[in-house]
Structure formats: structure tokens, C-alpha cells
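Enquirer: next one to model:
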Amino acid sequence: MTIKLNCDLGESFGAWRMGLDTAVMPHIDQANVACGFHAGDPQVMRKTLNLAREHQVTVGAHPAYPDLVGFGRRSLNCHPEEVVALMHYQVSALDGMARVQGLDVSYVKPHGALYNDMMANADVRRAVMQSLAEFHRPMALMLQATPAYKQHREEAKEWGLDLIFEAFADRCYEDDGRLRARTKAGAVLNREQMLKQVEQLRTEGTISTFGRQTLELEVDTLCVHGDNEEGVKAIREIREVLQG
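Expert: Coordinates of the predicted model:
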């Protein structure tokens, strides 16, 4: 199984600095670039795209609910038509800036609460898929790999979309394939547990849940985090495990 690494980047805004994008970019395959609604601004977007081009990293759009104050982590009761419009607005912005630099945005990964709502709510997921189907050129959708991946693939097929399934290197899973809530004990794996989970995915295509069940997942990419020096170190270690 060939598994890529993706990371949420370009999340600084004005004088607020978040993440070690320059340190992270050389070690990943896919950069999910914030589009301004939860983080990021035109200058940050431009700089992040430059970094991706320099390191030949695939670019994806990382749109969110319009929630700059809450960093896109608060669920908003948006009508499906609003979801389609806010997706078009953000993806178009990043796509236009990328084209100026000779880059293509090849996929979309919703951020935060929009991502969670997409996974839990079929209406939101349908609106997200519709937004990509209506875009002026094909783009894949990145979403969480769960035991329902076959259902999600069939839904995407109706819209003519390709899917990229992602797992999370440092997060514990519940028996139903959902991520264990951060408010619960054991939600975030320590270094040893994280590397063991990555190795299990690489060699067996499975993960072990909090309830000690084994789930088979179809995984194309792993989400990693570069918020601090320890996170960057962890990315390098994960890369070593994936290379066998």
C-alpha cells in the first residue's frame, strides 16, 4: 500500500502566525491550503503556494465555514445552497492564485466543522460533492476513510467525482471508524502508538480501535500536523515508517 502524507497549511493570518509551513513542506506530498474563511489571507496563500511549487507538493484547497474567529471549528447551520456557494468562493480563490503561479489545485479537503459535518450528515456531504461537480474542471474530494468507504464511493460516482481517503496518524479510532473525541481519554496517540498505527496501516491496511477491534480501511493519505518542532519531527518519523 502506497500512502501519501497531507498537512493543513497556510493557516497564518495577518500578524498571527500558525504552523511551521517552511519546515513541513519538504516532508509531505499534499498541502491543504487554507482559503481565507477560517484562516489564511492573500499573502499567506501566495507564500504557501510558492513553497508547494518549490518542493513539488500537490496543492489542495482547504475551505471552511465562514468562522475566522472560531478557526472554522464551530458548526454552522448552513443551507445546502450556502455550502455550495461558500465552497465555490473559496476553491475559486485558491485555484485562481495557483494558476497565476503555474500550479493546479487538484483536490479539496474541507476543514474543521465542515469536514465533520460532511462525514456525519448526508445533506452536507451531498452539497460538498455538488459544489465540486459544478466546478469548471475536475477536482477530487478528500474525506475520512471509514468502514462506509464503499457507500461514499458510490455517492461520489453519482457526481462523477474521484475520492481520496485519508486516515489520521496520531488519532485513536472508535469501533465504528469515527475518530475518538478529543474530550475523551486516549483520543490522541503518543509517539509509540502513532508509529505502530502507521506501520499497521502500511503492512496490513487495518487499524486497531479503542475497543480493541480491527478495522480494514482503504487509505490513500495520512493527515499529519506541523504546528511545532515535535510535529515536524513526527512527520519525518512517519515518512521513515512508510518507506519501510
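Enquirer: relative to residue 186, how far out is the residue sitting furthest away from the middle of the chain?
Expert: In terms of distance from the mean C-alpha position of the chain, residue 212 ranks first, at 25.8 Å (Cα atoms, centre = their mean). Applying Cβ to Cβ, to the nearest Å, the value for residue 212 to residue 186 is 12 Å. For every residue, glycine as well, the C-beta is placed using N, CA and C.
Enquirer: what are the boundaries of the helices in the protein?
Expert: Remark: helices assigned in the chain by DSSP state H are 21-24, 42-54, 80-100, 112-120, 122-133, 149-159, 191-204, 229-242.
Enquirer: so which of those helices gets nearest residue 67?
Expert: With Cβ to Cβ as the measure, helix 112-120 is the member of those nearest residue 67 (7.4 Å).
Enquirer: pipe the helices of the chain into TSV and attach mean neighbour count, distance to residue 219 and mean pLDDT per row.
Expert: Listed next are these as TSV, based on neighbours: other Cβ atoms under 10 Å; distance: least, Cβ to Cβ, whole Å; pLDDT from 0 to 100:
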stretch	mean neighbour count	distance to residue 219	mean pLDDT
helix 21-24	20	20	94
helix 42-54	18	22	97
helix 80-100	18	24	98
helix 112-120	20	15	95
helix 122-133	19	19	98
helix 149-159	14	9	96
helix 191-204	16	6	95
helix 229-242	17	11	91
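Enquirer: switch those helices over to JSON lines; also include distance to residue 60.
Expert: Formatted as JSON lines, the helices of the chain follow (distance: least, Cβ to Cβ, whole Å):
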{"stretch": "helix 21-24", "distance to residue 60": "14"}
{"stretch": "helix 42-54", "distance to residue 60": "10"}
{"stretch": "helix 80-100", "distance to residue 60": "9"}
{"stretch": "helix 112-120", "distance to residue 60": "12"}
{"stretch": "helix 122-133", "distance to residue 60": "12"}
{"stretch": "helix 149-159", "distance to residue 60": "16"}
{"stretch": "helix 191-204", "distance to residue 60": "20"}
{"stretch": "helix 229-242", "distance to residue 60": "17"}
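Enquirer: which of the ones you listed sits closest to residue 168?
Expert: Distance to residue 168, taken as Cβ to Cβ, is lowest for helix 191-204 among the helices of the chain, at 8.9 Å.
Enquirer: what does that closest one contact?
Expert: Contacts with helix 191-204, where a contact means Cβ atoms under 8 Å, 6 or more residues apart in numbering, come from 1, 3, 167, 169-170, 172, 189, 206-208, 217, 219, 222, 234, 237-238, 241-242, 244.
Enquirer: quick check, residue 80 in contact with residue 128.
Expert: No - in this structure residue 80 lies outside contact range of residue 128 using Cβ atoms under 8 Å: 9.3 Å.
Enquirer: count the residues that sit near residue 14.
Expert: Using other Cβ atoms under 10 Å, residue 14 has 8 other residues around it.
Enquirer: once you drop chain neighbours, what's closest to the spatially most central residue of the chain?
Expert: Nearest residue to the geometric centre of the chain (Cα atoms, centre = their mean): residue 109, 4.8 Å. Among residues not flanking residue 109 along the chain, residue 142 sits closest, at 3.8 Å (Cβ to Cβ, 6 or more residues apart in numbering).
Enquirer: check what pLDDT the one you found gets.
Expert: According to the per-residue confidence, residue 142 scores 98 in pLDDT.
Enquirer: assess the claim that it and residue 106 are in contact.
Expert: No - if you go by Cβ under 8 Å, residue 142 and residue 106 don't touch, sitting 10.1 Å apart.
Enquirer: which residues do the two both contact?
Expert: With Cβ under 8 Å, 6+ apart, residue 142 and residue 106 have common neighbours residue 60.
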